[in-house]
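>>> have a look at this prediction, sequence included:
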Amino acid sequence: MTPSTPRLSEVARHLKFPDGIKRSGWPRIQRRLADMAITYDTWQSGAVQLILGRDEADRYVATVGGVTMSVPRQVGKTFTVGSLLVAMCLEYPGLRVVWTSHHLRTTTNTFRSMQGMVRRKKIAPHLAHNGIRTANGEQEIKFSNGSIIMFGAREHGFGVGIDAIDILVCDEAQRLSSRALADMMPTTNQARHKHGALVFFIGTPPRPTDMGDEFAARRQKALDGRMPNGIYIELSADQDADLDDPVQWAKANASYPHRTPHESMLRLRENLTDDGDWRREALGIWDEATKALAVVPADIWEKRRAAGPPAQDSPPTALAVDRWYDGTTAVAGAWRRDGVTHVELLALDVATDTTRAVDWIAERAGRKIPVFIAADSPAAAMAADLIARKVKVKLLAGPDFARACQGFANDAVEGGITHVDQAQLNDALAGATKLPVGKAGAWVWDRRSPEIDISPLVAATLALHGADVAATSQPSKAHAF
């Protein structure tokens with residue numbers, strides 16, 4: 001460690017981490033790194049100490065929310081995380097690691113860098129016989145204690161079908177699509193590491209053309225204080241930085257100039273001819289347009305609070321149901337009166353028993369109150385059973401669903417909605433983002449983030465839309481099924 005280098009808290013523009021850290025695996029890994037003749041700067045040591053922080057139950061505090069790092073080029077993030085993984089592989093026999101990048105070229109470059117690391121004099125004796133496999137699509141490093149690091153490109157479908165992974169690294173996270181993330185996340189479901197699985201999201205701020213919604217949403221969630229079980233580290237220059245100011249270079253790059261020479265920065269500046277690319281990739285500055293801002297500001301939503309429906313015992317004008325991918329089923333009701341619609345979450349349950357959910361909805365809807373469902377929702381599978389029970393089911397798809405989503409946002413902002421301040425609905429709205437569809441600025445609520453359950457919001461949106469078109473009602477009471 002270089003004593004003169006700054007601490008993580010001094011170089012990070014944003015540093016968010018969970019409460020409840022009781023201990024860290026850093027001392028063991030630090031000794032292992034010393035055996036490997038690898039030293040860290042002070043900020044790197046602080047980052048790893050935080051990443052390996054454990055709670056009272058001796059589990060990693062970031063085992064649920066993961067580790068998100070927005071770090072510019074040439075700072076040493078690949079070296080930091082790569083050497084950490086090698087040290088953990090040696091310290092914990094049988095550790096299984098997957099490192100993915102978006103492009104095969106990036107994956108190959110990382111793999112070559114890691115090969116150079118493990119071939120060092122102090123590490124090479126720990127490799128298994130023929131421990132480095134270089135075939136494209138099957139690049140891996142095996143250790144004699146059974147640990148393994150596998151490398152692959154997401155654009156080629158790497159990661160699907162692999163299981164029992166203890167550590168997953170999503171490099172180039174600014175290009176991480178929701179589909180790729182959904183394919184890879186199950187790899188850690190059966191992690192065997194005694195302190196829990198770890199998932200890393202590492203990248204630079206996304207370009208406007210990148211599929212950067214996942215990365216941007218994670219960043220915004222951390223900045224908003226909505227990531228209580230994850231770690232967020234960002235190194236960046238000032239938003240209004242002079243792009244050629246070495247002082248700003250040092251703010252963004254904790255390794256400049258003692259590890260990243262001035263000439264290296266000049267060379268990168270020469271190659272990144274677009275100022276926007278230089279801002280994002282060399283200085284770590286996020287475009288304001290990429291922020292996952294709340295569709296309905298929290299202060300405005302707060303103003304829409306009400307004590308309850310217009311008439312407490314009156315049946316809703318419409319019901320709506322949505323189901324999340326884990327089986328959570330949300331049912332909402334809407335009451336329309338005097339030009340204002342009251343929306344309320346009536347039930348939220350994690351039960352996967354579809355029959356039970358259908359019974360609950362059918363009992364309250366009867367044959368008069370219409371039940372609205374988004375055609376692309378997992379809840380659409382309930383439509384046939386509800387129809388068989390004589391329930392009036394309305395499936396919304398395409399332009400109709402887009403109009404419903406935009407109508408909800410407009411009414412919330414303009415005062416056409418009231419609600420009863422339910423935490424599940426509040427959280428869903430706070431974390432929801434827009435997914436553009438079709439033309440002319442149409443959008444729907446974005447379901448692609450697996451971390452944000454928006455089923456309460458979708459149900460409320462559909463119920464609001466239903467109240468605008470429905471004319472009949474049937475008594476209903478709120479319970480949890």
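That came through fine. All values derive from a computational prediction rather than experimental measurement.
>>> my guess is residue 376 contacts residue 397. True?
Yes - using C-beta atoms under 8 Å, residue 376 is in contact with residue 397, at 6.8 Å. (Glycine included, C-beta is placed from N, CA and C.)
>>> determine how far the helix or strand bottoming out on mean pLDDT in the chain lies from the middle of the whole chain.
Lowest on mean pLDDT, DSSP states H and E among the helices and strands of the chain sits helix 178-184, with a mean of 73. Taking C-alpha atoms, centre = their mean, to the nearest Å, one finds the center of helix 178-184 at 11 Å from the center of the full chain.
>>> so what secondary structure elements neighbour the following helix or strand past it?
The helix or strand immediately downstream of helix 178-184 is strand 198-203, counting by DSSP states H and E. Helices and strands touching strand 198-203, by 3 or more C-beta pairs under 8 Å, 6 or more residues apart in numbering; DSSP states H and E, are strand 67-70, helix 77-91, strand 167-170, helix 213-223.
>>> and those, which one is worst for confidence?
Sorting those by mean pLDDT places helix 213-223 lowest, at a mean of 86.
>>> gap between it and the chain center?
Distance, centroid of helix 213-223 to centroid of chain: 7 Å (C-alpha atoms, centre = their mean).
>>> returning to what we had before: and of the helices and strands packed on strand 198-203, who's closest to residue 247?
strand 67-70 (20.2 Å; C-beta to C-beta).
>>> hang on, the earlier thing: need the helices and strands packed on strand 198-203 in a markdown table (columns: distance to residue 55 and mean neighbour count).
Formatted as a markdown table, the helices and strands packed on strand 198-203 follow (distance: least, C-beta to C-beta, whole Å; neighbours: other C-beta atoms under 10 Å):
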| stretch | distance to residue 55 | mean neighbour count |
| --- | --- | --- |
| strand 67-70 | 15 | 25 |
| helix 77-91 | 18 | 22 |
| strand 167-170 | 18 | 25 |
| helix 213-223 | 19 | 23 |
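>>> in TSV: those, plus distance to residue 384.
Converted to TSV, the helices and strands packed on strand 198-203 look like this (distance: least, C-beta to C-beta, whole Å):
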stretch	distance to residue 384
strand 67-70	41
helix 77-91	48
strand 167-170	37
helix 213-223	33
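>>> out of the ones you listed, which is closest to residue 253?
helix 77-91 (10.7 Å).
>>> next, the buried residues of stretch 145-158.
147-155, 158 (16 or more other C-beta atoms under 10 Å).
>>> how does this protein divide up, domain by domain?
Here the domain parsing of the chain from automatic domain parsing is 8-290, 298-469.
>>> residue ranges in the protein under the pLDDT threshold?
In the predicted model, the chain carries pLDDT under 70 at residues 1-4, 136-137, 178-179, 209, 288-294, 310-313, 350-352, 438-441, 449-451, 470-481.
>>> with respect to residue 251, which of the buried residues of stretch 145-158 is nearest?
Closest approach to residue 251 among those (C-beta to C-beta): residue 154, at 31.0 Å.
>>> which non-adjacent residue is nearest the closest one?
residue 180 (4.5 Å; C-beta to C-beta, 6 or more residues apart in numbering).
>>> next, the buried residues of the least confident helix or strand of the chain.
Buried residues in helix 178-184, counted by 16+ other C-beta under 10 Å: 178, 180-181, 183-184.
>>> who does that helix touch, helix- and strand-wise?
strand 167-170, helix 213-223.
>>> can you count the residues close to residue 38?
By other C-beta atoms under 10 Å, the residues close to residue 38 number 18.
>>> list phi and psi for it.
Residue 38 adopts backbone torsions of phi -110, psi 130, taken as degrees, to the nearest 10.
>>> contacts only, for it.
The contact partners of residue 38, by C-beta atoms under 8 Å, 6 or more residues apart in numbering, come to 83, 87.
>>> same check on residue 102?
Here residue 102 is in contact with 153-155, 171-172, 175-176 (C-beta under 8 Å, 6+ apart).
>>> let me have the residues you listed in a markdown table, extended by distance to residue 85 and secondary structure.
Supplementary listing: the contacts of residue 102 in a markdown table, determined by distance: C-beta to C-beta, whole Å; DSSP: H, G, I helix; E, B strand; the rest coil:
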| residue | distance to residue 85 | secondary structure |
| --- | --- | --- |
| 153 | 18 | strand |
| 154 | 18 | helix |
| 155 | 22 | helix |
| 171 | 12 | coil |
| 172 | 17 | coil |
| 175 | 21 | helix |
| 176 | 19 | coil |
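>>> so residue 330 touches residue 459, yeah?
Yes - under the criterion of C-beta under 8 Å, residue 330 makes contact with residue 459 at 4.3 Å.
>>> which of those two has more residues huddled nearby?
Between residue 330 and residue 459, residue 459 has the larger neighbour count (other C-beta under 10 Å), namely 34 against 26.
>>> what's the closest non-adjacent residue to that one?
That would be residue 332: by C-beta to C-beta, 6+ apart, it lies 3.8 Å from residue 459.
>>> just the element for the one you found, please.
With DSSP H and E as criterion, residue 332 is part of strand 329-337.
>>> by contact count, what packs against that strand?
strand 318-323, strand 340-349, helix 354-365, helix 455-469.
>>> which neighbouring elements make contact with the helix or strand following the third one?
Counting by DSSP H and E, the element after helix 354-365 in chain order, helix or strand, is strand 371-374. Contact here means 3+ C-beta pairs under 8 Å, 6+ apart; on that basis strand 371-374 packs against strand 318-323, strand 393-396, helix 455-469.
>>> give me that answer again for 10 Å
Here strand 371-374 touches strand 318-323, strand 329-337, helix 354-365, helix 383-388, strand 393-396, helix 398-414, helix 455-469, going by 3 or more C-beta pairs under 10 Å, 6 or more residues apart in numbering; DSSP states H and E.
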